[in-house]
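Undergrad: Here is the input, now give the coordinates:
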Amino acid sequence: MTQKAPQQTTIAIASFFKRLETLGPVVGIIMSEKPVSALITLRGRPEKKVMMDFSARPPRVAIDGEDRTGHIFMTIDGNVLHGVLLGRKDSGVALGRREMIVRGSAHHLSRFIPLFDFSPVLYRQHLSDIGSMEETMTEQVFK
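TA: Down below sits the predicted model:
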């Protein structure tokens, strides 16, 4: 049986965030319709920078763009964020262990963090859509 090469984690995450741009109204509800922007640096190979600007109308997500400002600045290893987005790792635990480094006001961070509560379903669907089936399977499939 041939095995597909795994999708590079940082690229999969960046494309997931880009996909959220099309879900602007849903993301707006998750973030309580409060404007917030975040510049996320995904460590790994390749390193990716994602600017999520949900203060713009319509929302805008840029990958490896020129934007260097935002309400929140986050640096995290792609594999750690992958675990957070799948719901395997709590974002608070990652923050507490300094695996997720965040700068910005607590006020803006409190608007952004709920996105991680909804991400497991959306992210698994995204992985399935891009053909990364090994990450979408759960133990329930085998029971």
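
Undergrad: residues touching the residue nearest to residue 59 when sequence neighbours are not counted, list them.
TA: Leaving aside its sequence neighbours, residue 59 sits nearest to residue 24 (C-beta to C-beta, 6 or more residues apart in numbering; 4.1 Å). Using the backbone N, CA and C atoms, a C-beta is placed for each residue, glycine as well. Residues near residue 24 by C-beta atoms under 8 Å, 6 or more residues apart in numbering: 54, 58-59.

Undergrad: what does residue 68 give?
TA: Residues in contact with residue 68 (C-beta under 8 Å, 6+ apart) are residue 39.

Undergrad: what about stretch 100-117, average pLDDT?
TA: Stretch 100-117 shows a mean pLDDT of 88.

Undergrad: Return a ChimeraX selection command for the buried portion of the contacts of residue 24.
TA: ChimeraX command restricting the contacts of residue 24 to the buried ones, with burial defined by 16 or more other C-beta atoms under 10 Å:
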select :54,59
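
Undergrad: Look up the residues forming beta bridges with residue 75.
TA: Counting by DSSP bridges, residue 75 is bridged to residue 41, residue 101.

Undergrad: per-residue pLDDT, it?
TA: For residue 75, pLDDT reads 96.

Undergrad: quick one: residue 70 is in a helix?
TA: No. Residue 70 is assigned coil when assessed by DSSP: H, G, I helix; E, B strand; the rest coil, not a helix.

Undergrad: So, low pLDDT: which residues of this protein?
TA: 1-7, 28, 32, 133-143 (pLDDT under 70).

Undergrad: chain center to the longest helix anywhere in it, what's the gap?
TA: Across the chain, the longest stretch assigned as helix under DSSP state H is helix 114-129. In this view, helix 114-129 has its centroid 8 Å away from the chain centroid, taken as C-alpha atoms, centre = their mean, to the nearest Å.
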